[in-house]
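> Give me a model of this one.
(one chain, ligands or ions: 1)
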Amino acid sequence: MSTSATLEPMAEMMDEMAESLPTTIDRVVLTGFMGSGKTTTGRLLAEQLGWNFRDLDSEVERREGRTVPQIFAESGEAEFRRLESAALASLLGQRRLVLALGGGAPEVLGNRLLLEQTPRTAVVYLQAPLETLVERCERAAETGETERPLLGEAETRLRRRHPLYDRLADHKVTTTALDVEQVCEAVLVKLRG
Ligand code: S3P
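Residues are numbered from 1 along each chain as shown. Purely as a prediction, here's the structure:
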């Protein structure tokens, strides 16, 4: 066996260790307002850790066979919240999971209790000022990437939710001036303590 053939698996192992988390963490849950970067950060974080990634909105859409805007328009927010809570409960049993919540999930007390009581789960709040969040969401709406039925209520919703995100969080990262790689790195630094 050549030297490089013996060294390559070791180099891979060291790479993996470099991206690993403390063994006390089985799940990373990203929370924060619409446009805070939960989905893009979560996807990259999961890739770097070699873990699974799930997005709560996509999970609701997959289980329901309807898009989030369709559910809001046809069944209303209360029904969307029920579907969201059911999807959350079903996902939290998984290990080696990075989960991006929907921005409104922490408004529901049952969701907050579930997150607080699920062991080995690190909750990270991705925060940014209202103007940045709204700007990002408007851009996503213009490009047809994501339509957000509650964007018109951004100011009142953020005011109501910020203390909830804050209290739920084990760690907080301000994403304002950061690109997705930098946010991901900042999250990893916090999680490794
Ligand atoms: C919502 C946020 C959305 C989605 C739905 C409602 C909210 O998720 O769940 O449009 O209440 O803030 P994102 O935070 O991923 O945009």
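> following the worst-scoring helix or strand of the chain on mean pLDDT, which helix or strand shows up next?
In the chain, the helix or strand scored least confidently by mean pLDDT, DSSP states H and E is helix 3-18, which has a mean of 60. The helix or strand immediately downstream of helix 3-18 is strand 27-31, counting by DSSP states H and E.
> Which residues of the protein lie near the ligand?
With CB under 6 Å from any ligand atom as the criterion, the chain meets the ligand at residues 34, 38-39, 57, 68, 102-104, 148-150. Backbone N, C-alpha and C define where each C-beta goes, glycine included.
> where along this protein do the strands fall?
Taking DSSP state E as the test, the strands found in the chain are 27-31, 52-55, 97-100, 121-127, 171-174.
> can you put those in JSON lines and add mean pLDDT, distance to R139 and mean neighbour count?
Formatted as JSON lines, the entries for those read as follows, by pLDDT from 0 to 100; distance: least, CB to CB, whole Å; neighbours: other CB atoms under 10 Å:
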{"stretch": "strand 27-31", "mean pLDDT": "98", "distance to R139": "20", "mean neighbour count": "26"}
{"stretch": "strand 52-55", "mean pLDDT": "98", "distance to R139": "19", "mean neighbour count": "18"}
{"stretch": "strand 97-100", "mean pLDDT": "98", "distance to R139": "18", "mean neighbour count": "25"}
{"stretch": "strand 121-127", "mean pLDDT": "98", "distance to R139": "17", "mean neighbour count": "23"}
{"stretch": "strand 171-174", "mean pLDDT": "98", "distance to R139": "19", "mean neighbour count": "18"}
